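Student: Here is a sequence together with a model predicted from it:
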Amino acid sequence: MKESGIPYQQDFVSGYLLGRQYAPLTITYPEEERSSSRTSYLRAALNSGRTKLKVYPNTLAKKIVFDSSLTATGIEVEATSYGNTKTFVLSASKEVIISAGPFQSPQLLMVSGIGPRDQLEAHDITVLADRMGVGASMEDHLDFSPVFEITIQNGVGATADPSANGPLIEEYRINRTGPFTNAGVDYIGWENLPSSYRSNLSTAALADLAMFPTDWPEVEYEISAASLSGSDPSKRFGTIVTVPVTPLSRGWVNITSNSTRDLPAINPNQLSHPTDREVAVQAFKRSRSFFYTEAMRPIVIEEAMPGANVTSDGAILEYIMASGYQNWHASCTCRMGRVNDSMAVVDTHAKVIGVNGVRVVDASSFALLPPGHPQSTVYMLAEKIAADILAGL
């Protein structure tokens, strides 16, 4: 990355992303496991001895319960224990806070009567608040990669050879040491496309990118090992995961019935916007170029996917569309916005517009998907809304 002109960045937690640096990770110690909101917040709360937190395991939220003034009074839930299922209501003394994620938070709102009228009526749901934005405006980052065979052997990409994993898994299980303590993406970088790639974009694409702030990167790169299923297990592969972070495509989440037991229909709709397709192709070319630097020459053998013969924009796009995958950054399906915005679902305090006593606090209530990884943004949002509640907002 240095040879390719991506500058050194002190860190990625100070508000400035453009540059390269080791990836910040949330890892529990001494477990050496990835830390989540459960391990970093909920576990601490459960161990604190506080009496106002109660967890209902094996319990499914069915719908929000409202009174005649459209004020939430609780949640109808379905609990399963030893094969027996019971339905009951958890009453709310103050308000209901939904945090079911970008797919099931909008689903729960819709089966409770908050969402697009046509969807609700199609499933015989009484419309309490006709909000077109529920389930719409979904943003996510798309990952795709050039994959190269490399010479590095020592523990890198150990999972490419299942027969070698046994002792490594045992070492991790017993000592919490070895290659399996590695999170997989050690070094990352962000940049705006260099001029040699930017010049290939259309006038319309350049105008779209100009809408973003100048310090908002266009592409992220993640260095990682790669496991190619069905390939020679003695070989090792490396990749630079390529992630355009100015998505203009918008997906959606729709309900498939009036019950949360039935999974919603989800369409990420990625690469549906022409600018996203153009940026993806140029970002791929840029990512591929890293493997041809002098710094990489000692370890690169040859390009394994899609292959050095795949050079045209059309062929590259075809490869991206066939191999790309979501980056688990789905968001904005209960988008935050102004109360008079017909597509907004929650206001600036995460309160659901059109009813009373309900908030949505998770990535679904983002106003927009930030270019970085959104874990810390979710935590920040939750802490901000918690402060709002304490302040009576």
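Tutor: It's in. Residues are numbered from 1 along each chain as shown.
Student: what does stretch 4-11 rub up against?
Tutor: Counting contacts by CB atoms under 8 Å, 6 or more residues apart in numbering, the residues outside stretch 4-11 that touch it are 2, 16-21, 24, 189, 191, 194, 289-290, 293. Any C-beta I mention is one placed from the backbone N, CA and C, and that applies to glycine too.
Student: give the contact list for Ile301.
Tutor: Each residue near Ile301 by CB under 8 Å, 6+ apart is listed here: 148-151.
Student: Could you pull up the mean pLDDT of stretch 328-343?
Tutor: Predicted confidence along stretch 328-343 averages 96 (mean pLDDT).
Student: isn't Leu109 right up against Ala136?
Tutor: No - between Leu109 and Ala136 there is no contact, the gap being 11.9 Å when judged by CB atoms under 8 Å.
Student: These two: which is more packed in?
Tutor: Leu109 (31 against 21; other CB atoms under 10 Å).
Student: Phi and psi next, for the residue nearest to Glu95 when sequence neighbours are not counted.
Tutor: Spatially, and ignoring its direct neighbours in sequence, Glu95 is nearest to Gly357 (4.2 Å; CB to CB, 6 or more residues apart in numbering). Main-chain torsions, Gly357, degrees, to the nearest 10: phi 80, psi 20.
Student: does Gly357 really touch Ser69, like I thought?
Tutor: No - counting by CB under 8 Å, Gly357 stays clear of Ser69, with 9.6 Å between them.
Student: the more surrounded of those two?
Tutor: Set side by side, Gly357 and Ser69 show more neighbours around Gly357, with 20 against 9, by other CB under 10 Å.
Student: part of a helix, is Leu263?
Tutor: No - secondary structure assignment places Leu263 outside any helix; it is coil (DSSP: H, G, I helix; E, B strand; the rest coil).
Student: For the protein, give me the ranges with low pLDDT.
Tutor: The model of the chain has pLDDT under 70 over residues 153-164, 228-231.
Student: Pick out the residue nearest the middle of it.
Tutor: The geometric centre of the chain, computed from its C-alpha atoms, lies nearest to His329 (CA atoms, centre = their mean), at 1.2 Å.
Student: give me every residue that touches that residue.
Tutor: For His329, counting by CB under 8 Å, 6+ apart, the contacting residues are 139-141, 363, 369, 373-374.
Student: contacting residues around stretch 55-72?
Tutor: Contacts for stretch 55-72 (CB under 8 Å, 6+ apart): 42, 46, 73-81, 87, 89-90, 92, 95-96, 98, 100, 108-109, 111-114, 128-129, 259-261, 354-358.
Student: same check, this time on stretch 264-273
Tutor: Under the contact criterion CB under 8 Å, 6+ apart, stretch 264-273 has outside partners 103-104, 106-107, 135, 138, 140, 142, 247-256, 276-277, 280, 320-321, 324, 326, 330.
Student: so how far is Arg38 from the nearest residue in space to the residue nearest to the centre of the chain that is not next to it in sequence?
Tutor: With CB to CB, 6+ apart as the criterion, His329 has its nearest non-adjacent residue at 4.7 Å, and that residue is His141. To Arg38, His141 is 23 Å away according to CB to CB, to the nearest Å.
Student: Leu108 now?
Tutor: 19 Å.
Student: and if you look at Glu220?
Tutor: If you measure Glu220 against Arg38 using CB to CB, the figure is 26 Å.
Student: neighbour count winner among these two?
Tutor: Just comparing Glu220 and Arg38: by other CB under 10 Å the higher neighbour count belongs to Glu220, 22 against 10.
Student: Would you agree Ala136 falls within a strand?
Tutor: No - according to three-state DSSP, Ala136 belongs to no strand; its state is coil.
Student: Next, the contact list for it, please.
Tutor: Neighbouring residues of Ala136 by CB under 8 Å, 6+ apart: 116, 250, 252, 333, 335, 343.
Student: And for Arg359?
Tutor: 95-98, 346, 349-352, 385.
Student: and if you look at Ala122?
Tutor: Residues in contact with Ala122, defined by CB under 8 Å, 6+ apart, are absent; none qualify.
Student: So what are the structural domains in this structure, by residue number?
Tutor: Listed by automatic domain parsing, the domain ranges of the chain are 19-25+140-326, 56-139+331-390.
Student: how about the chain, which residue sits the furthest from its center?
Tutor: Ser68 (36.9 Å).
Student: secondary structure class for that one?
Tutor: Secondary structure state of Ser68, per three-state DSSP, is coil.
Student: And Asn165, by the same measure?
Tutor: Local secondary structure at Asn165 is given as helix here, using three-state DSSP.
Student: Number of residues surrounding it?
Tutor: Residues lying near Asn165 (other CB under 10 Å) number 15.
Student: again, but for Ile114
Tutor: Other residues within reach of Ile114, judged by other CB under 10 Å, total 28.
Student: who's it bridged to?
Tutor: Taking DSSP bridges as the rule, Ile114 bridges to Ala129.
Student: so it touches Lys351, yeah?
Tutor: No - counting by CB under 8 Å, Ile114 stays clear of Lys351, with 11.9 Å between them.
Student: How much space separates the residue nearest to His329 from Pro244?
Tutor: Per CB to CB, His141 is found 7 Å from Pro244.
Student: Over to Val355?
Tutor: 36 Å.
Student: Comparing those two, which residue is more hemmed in?
Tutor: Set side by side, Val355 and Pro244 give different neighbour counts by other CB under 10 Å, the larger being at Pro244 (29 against 21).
Student: residue contacts, the more buried one?
Tutor: By CB under 8 Å, 6+ apart, Pro244 lies in contact with 141-142, 218-220, 276, 279-280, 283.
Student: now, the most widely separated pair of the residues you listed?
Tutor: Between any two of the contacts of Pro244, the greatest separation by CB to CB is 14.4 Å, found for Glu220 and Asp276.
Student: Please report how far Ile223 lies from Asp341.
Tutor: If you measure Ile223 against Asp341 using CB to CB, the figure is 40 Å.
Student: So for these two, which residue has more residues nearby?
Tutor: Here Ile223 and Asp341 are compared on neighbour count by other CB under 10 Å; more neighbours surround Ile223, at 18 against 13.
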